[in-house]
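S.K.: coordinates for the following, if possible.
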Amino acid sequence: MKKKFRKNISYAIWLDHKKAIIVSRDKKGIVSSETILSTIEPRERFSGETTNKIRYQKTTLDVSKKMENKDHEQMHHYLKNVMTNISAEAIFLMLIGPAEAKYDLHRVIAKKKSLAHIPQEIKTTGKLTVDAIAELLRIRISTKITHAEKE
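M.R.: Residues are numbered from 1 along each chain as shown. Presented below is the predicted three-dimensional model:
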């Protein structure tokens, strides 16, 4: 029986609501990166707006629930787009960034059977460059290897 060839790719994903930077590193140490911009639209405001209710004939309608659903759907689509760039043969996944989006991505990945087995680490950071993200990933992989050697 043949063994499956694993690519041994590790990923670090810096994520907020506006963009995602995906840095991958294979077992040879080759680093590549990709940036994905979000299509989430900010809430549109009008001058003189004092409420989020709309007058319809003699009644008023609250549109906040509709806006929340729209925001949720746009965020879900954005996270699915980020998730499609992660290989199922990955050995490590690090989610970093300043926003709650990294936790949302963590939940979406956990629900997908092909990616649920990948060990994940979540860290809160400020804005980082691609080189800084790659360095965080390199440091994490090297400490992971040294911990495995000690055991």
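S.K.: point out where this protein drops to low pLDDT.
M.R.: Along the chain, the parts satisfying pLDDT under 70 run over 1-7, 45-63, 144-151.
S.K.: doesn't M75 make contact with D104?
M.R.: Yes - in this structure D104 lies within contact range of M75 using Cβ atoms under 8 Å: 6.6 Å. Using the backbone N, CA and C atoms, a C-beta is placed for each residue, glycine as well.
S.K.: pull up the overlap in contacts between the two.
M.R.: Among the neighbours of D104, none is also in contact with M75 (Cβ atoms under 8 Å, 6 or more residues apart in numbering).
S.K.: can you map out the strands along the protein?
M.R.: 9-15, 19-25, 31-37, 53-56, 59-62, 90-97, 120-124 (DSSP state E).
S.K.: I96 and Y78: what is the separation?
M.R.: Taking Cβ to Cβ, to the nearest Å as the measure, I96 falls 17 Å from Y78.
S.K.: tell me the most buried of the strands of the chain?
M.R.: Using mean count of other Cβ atoms under 10 Å, the stretch among these with the largest mean neighbour count is strand 9-15, at a mean of 24.
S.K.: re the thing from before, can you redo the strands of the chain as TSV with distance to S114?
M.R.: Shown next, in TSV, are the strands of the chain (distance: least, Cβ to Cβ, whole Å):
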stretch	distance to S114
strand 9-15	14
strand 19-25	17
strand 31-37	19
strand 53-56	43
strand 59-62	40
strand 90-97	10
strand 120-124	14
